[in-house]
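1. Kindly return the folded structure for what I paste below:
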Amino acid sequence: MPDATTLPHPKLALDIKGEFPVLNRDFGGTPLHYLDSAATTQKPVAVIDAMDRFYRESYGTVRRGVYRLSEKATAAYEGTRKKVAALINASSDKEIIYTSGTTQSINLVAYSWGGKFLKAGDEIILSQIEHHANIVPWQIIAERVGAILKVIPVDDTGTLILDEYKKLLSEKTRLVAVNHISNALGTINPVKEIARLAHQAGALVLIDGAQSIAHTQVDVRDLDADFYAFSGHKMFGPTGIGILYGKLAILESMPPYQGGGDMIMRVTFAKTTYQAPPHRFEAGTPPIAEVVGLGVAVDWLHMTGLDKIAAHEHALLDYGTAVLQQVPGLKLIGTAREKAGILSFTLEGVHPHDIGTLLDEDGIAIRAGHHCAQPTMDRFGVPATARASLGPYNDYSDLDALAKGLRRVGEMFR
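-> As a prediction, this is how the structure comes out:
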């Protein structure tokens, strides 16, 4: 059996590892092979420098001051909203709500829209391969109002069974909430078709875009998504900032998710009137520097090119699939035809946590566990998997190191 490094290395679309400072360090002479981008992406120097410069030179509160620092901060803050709207082809920047991340975005919809419009007997459809953040909020609101959850099954490759989805849809369906790309398997779901069928049944659609936003072009109008949620830290931006996109007419029908400063028009002890979206949903002092960093991350995505990122990661996925299949005792979990740069696997006789710990000795950073997707693990009959996930800064050396490290781990346990 040939060693992984003997496989050919076709030219990749990108060579950008040098733009990411943390990837240019080592651990006692061992280079870092970062393969955990599905959990969080590393940050380019452009984002790091922009946030540092903002704190040093331009920091001020937003929308509240009439002095120059505040006005400059406000311009950057609202400028990011326009950049995000353009990135996903929203109709208006009024459809872009700042949140702390995908989790809060989904909770906002569950508690605001769900709390107002869901009632006993209504049905919510999820898929079998959702992240917990797109399961638990719906369980909570369903228990509160008496709604019912239904689940789209997947086949043995991790592909949604659309015929079963069609059977679940009915006049009782109020919402379909699915991920664009599975964080545990890498499956790319047919969300445009899912939305079309849901709308035919009179239901709304929420798409968890945490794993897709940095890896493929997202057009919310083409998808006809009613809600689309994602996180800044998974798209080369900072933590603590995320986005909820919602169609403006729907947002206007929703009550505030939280109360406090800046989401109001007028407050008296008798009555409070609220701002229009998006500010209605943005109570309190926002993460200003993080929003600035997100704006630069969007700029970086445009400069780098989402088409190049997709091509680069697809080539690495094909290569990684081939080299991992050569590792004795390794089984890939999630082999859908339409798949993104995520390689989940088990290694015979070795717990995933041991795999992760031992690979770290070789400077290889992967994820091990249930990936906040325990129903997915249950579907495939495993308690956990090891997961290598790709970013545009990865190259063949990362995957060669992974395959070599896994062979060493396997030999240690045989």
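2. Can you pull out the residues in contact with the one helix or strand in the chain whose mean pLDDT sits lowest?
-> Ranking every helix and strand in the chain by mean pLDDT, DSSP states H and E puts strand 26-27 at the bottom, with a mean of 82. Identification of contacts with strand 26-27 by C-beta atoms under 8 Å, 6 or more residues apart in numbering yields L32, G363. All C-beta spots, glycine's among them, are computed from the backbone N, C-alpha and C.
3. Repeat that for stretch 167-175.
-> Counting contacts by C-beta under 8 Å, 6+ apart, the residues touching stretch 167-175 from outside are 114, 117-118, 121-125, 138, 147-148, 150, 152, 176, 197-198, 200-206.
4. hang on, the earlier thing: let's test this: mean pLDDT of the helix or strand following the least confident helix or strand of the chain, rounded?
-> Using DSSP states H and E, the helix or strand that follows strand 26-27 in sequence is strand 30-31. In this model, strand 30-31 has a mean pLDDT of 91.
5. rewinding a little: which neighbours in the sheet does the least confident helix or strand of the chain have, and how are they oriented?
-> Sheet pairing for strand 26-27, assigned by DSSP bridges, gives strand 30-31 (antiparallel).
6. Secondary structure element holding L175?
-> Taking DSSP H and E as the criterion, L175 maps to strand 173-179.
7. Pull up the pairing partners for that strand, direction included.
-> Short version: by DSSP bridges, strand 173-179 pairs with strand 123-127 (parallel), strand 204-208 (parallel).
8. I'd like the distance between the residue positioned nearest the centre of the chain and V409.
-> Central residue of the chain (C-alpha atoms, centre = their mean): A210, 1.3 Å from the mean position. Remark: distance between A210 and V409 (C-beta to C-beta, to the nearest Å) = 29 Å.
9. Kindly report the same for S112.
-> Distance of S112 to V409, computed by C-beta to C-beta: 47 Å.
10. These two: which is more packed in?
-> V409 (25 against 21; other C-beta atoms under 10 Å).
11. Can you tell me the element the closest residue to the more buried one other than its chain neighbours falls in?
-> Sequence neighbours aside, L358 is the residue nearest to V409 in space, at 4.9 Å (criterion: C-beta to C-beta, 6 or more residues apart in numbering). L358 belongs to helix 352-360 when assigned by DSSP H and E.
12. and the next element down the chain from that helix?
-> strand 364-365.
13. List the neighbouring strands of that following strand plus their orientation.
-> Paired strands of strand 364-365, with direction, are strand 33-34 (parallel) (DSSP bridges).
14. The helix holding L358 - what's its average pLDDT?
-> Helix 352-360 shows a mean pLDDT of 97.
15. related to what we said a few turns ago, output the strands paired with strand 173-179 in CSV; the columns should cover distance to N183.
-> Shown next, in CSV, are these (distance: least, C-beta to C-beta, whole Å):
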stretch, distance to N183
strand 123-127, 12
strand 204-208, 9
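16. what's the closest of those to L390?
-> Among the strands paired with strand 173-179, strand 204-208 comes nearest to L390, with 19.2 Å by C-beta to C-beta.
17. Tell me which helix or strand comes right after the closest one.
-> helix 220-223.
18. From the rest of the structure, what touches the helix or strand just after that next one?
-> The element immediately downstream of helix 220-223 (helix or strand, assigned by DSSP H and E) is strand 227-231. Outside strand 227-231, the residues that touch it by C-beta under 8 Å, 6+ apart are 88, 99, 101-102, 105-106, 109, 113, 204-210, 212-213, 218, 220, 241-247, 250.
19. quick check: angle from strand 227-231 to strand 173-179?
-> Taking axes from the mean of the first three to the mean of the last three C-alpha atoms, to 10 degrees, one finds strand 227-231 and strand 173-179 inclined to each other by 30 degrees.
20. what mean pLDDT does whichever helix or strand comes after strand 227-231 have?
-> Remark: after strand 227-231, the chain's next helix or strand is strand 242-246, criterion DSSP H and E. In this model, strand 242-246 carries a mean pLDDT of 98.
21. Adjacent strands (with direction) for strand 242-246?
-> Strand pairing for strand 242-246, determined by DSSP bridges: strand 96-99 (antiparallel), strand 227-231 (antiparallel).
22. Now the shortest one: buried residues?
-> Right, the one you point to is strand 96-99. I96, I97, Y98, T99 (16 or more other C-beta atoms under 10 Å).
23. Give me the distance between the helix or strand where G115 lies and the centre of its chain.
-> According to DSSP H and E, G115 maps onto helix 115-117. Chain-centre distance of helix 115-117: 26 Å, with C-alpha atoms, centre = their mean, to the nearest Å.
24. count of neighbours near F269?
-> F269: 5 neighbours (other C-beta under 10 Å).
25. again with Q104
-> For Q104, the number of neighbouring residues by other C-beta under 10 Å comes to 21.
26. Skipping its backbone neighbours, what lies nearest it in space?
-> G242 (6.4 Å).
27. mind checking how far that neighbour is from S231?
-> In terms of C-beta to C-beta, G242 sits 4 Å off from S231.
28. Spell out which residues are contacts of both of those two.
-> What both G242 and S231 touch, as defined by C-beta under 8 Å, 6+ apart, is the set G101, T102.
29. In terms of helices and strands, where is A249?
-> A249 is part of helix 248-252, with elements assigned from DSSP H and E.
30. Alpha carbons of that helix, as CSV, please.
-> The C-alpha coordinates for helix 248-252 follow below in CSV (Å, rounded to 0.1, in the frame of the first residue of the first chain):
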residue,chain,number,x,y,z
LEU,A,248,-38.1,42.4,6.0
ALA,A,249,-41.9,41.8,6.0
ILE,A,250,-41.4,38.9,8.4
LEU,A,251,-39.1,40.8,10.7
GLU,A,252,-41.6,43.7,10.9
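31. just checking, K83 is part of a helix?
-> Yes - assigned with DSSP: H, G, I helix; E, B strand; the rest coil, K83 falls within a helix.
32. Roughly how far does it sit from Y77?
-> 11 Å.
33. Equivalent analysis for I125, please.
-> Distance, I125 to Y77, using C-beta to C-beta: 36 Å.
34. Please, where are all the helices along this structure?
-> 45-53, 68-88, 102-108, 115-117, 136-145, 162-168, 191-200, 220-223, 248-252, 288-304, 306-325, 352-360, 374-380, 396-412 (DSSP state H).
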